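> model this:
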Amino acid sequence: SFEIVEQATATVANPVDYRPGFLAFREAPVLLAAMAKLRHEPELVVCDGHGIAHPARAGLACHVGVALGVPTIGCAKNHLTGSFADVGPERGEFQPLLAAPADSQTEADSDVIGAALRTRTDTKCVFVSPGYLIDVTSSVEHILALTPRFRLPETTRAADQLCRAALAESLNPI
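You can find the predicted model right below:
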């Protein structure tokens, strides 16, 4: 139904500066602090970042999933690693994201680490990968279900709006 049941924000000191590939070390502490404020335990968490489609095979969604003990999916706006074939222009079309480059002849070629998924017709793909306790196929199905109107999942959009409002309030307290 896309009804918001509960939401929370948190503020923590940045433990590390941002470095490409190390988003989890910057984002996970604040995400986990906000999640700790929730009264309801989530059945699934969608992270605005990568899961196993990460150079170390352990992106933000993996870290958060292990810490919370719940299934997590990474749904990233940008391609980080792996190779994929051209994705058709229609909503729901996707191509497997492979761990090895497309021209490689190693056994890793068969390692599917995610999917390049078109959530809106004629828009850029998102990059979906399992984080913890879920597979690629289920991850793609969930992301498609969570993107009825826009490129990004409704959960990501709602979290972004909540964080922007909290930031604005902290900068301009009443």
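
> just wondering, since we're on residue 152, how far is it from residue 160?
8 Å (CB to CB, to the nearest Å). C-betas here are computed from N, CA, C, even on glycine.

> Now do the shared contacts for those two.
residue 48 (CB atoms under 8 Å, 6 or more residues apart in numbering).

> between these two, which one's more packed in?
Higher neighbour count among residue 152 and residue 160: residue 152, with 19 against 12, using other CB atoms under 10 Å.

> Let me see the contact set for the more buried one.
48, 75, 77, 119, 126.

> Let's see which of the residues you listed end up in strands.
Per DSSP state E, strands hold the following members of the contacts of residue 152: 75, 126.

> buried subset of the contacts of residue 152?
48, 75, 119, 126 (16 or more other CB atoms under 10 Å).

> Show me the shaky parts of this protein.
Scanning the chain for pLDDT under 70 picks out 101-110, 174.

> what ranges do the strands span in it?
Ranges of strands within the chain are 45-47, 72-76, 94-98, 112-117, 126-132, based on DSSP E.

> what separates stretch 36-45 from the chain centre, distance-wise?
Distance of stretch 36-45 from the chain centroid (CA atoms, centre = their mean, to the nearest Å) equals 16 Å.

> Just the CA trace of it, in CSV.
Once non-C-alpha atoms are left out, stretch 36-45 reads as follows in CSV (Å, rounded to 0.1, in the frame of the first residue of the first chain):
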residue,chain,number,x,y,z
ALA,A,36,17.4,1.3,16.5
LYS,A,37,14.7,4.0,17.2
LEU,A,38,12.0,2.1,15.3
ARG,A,39,9.4,0.1,17.3
HIS,A,40,8.6,-2.2,14.4
GLU,A,41,11.3,-4.6,13.1
PRO,A,42,11.5,-4.4,9.3
GLU,A,43,10.9,-7.5,7.2
LEU,A,44,13.1,-6.2,4.4
VAL,A,45,15.5,-3.2,4.1
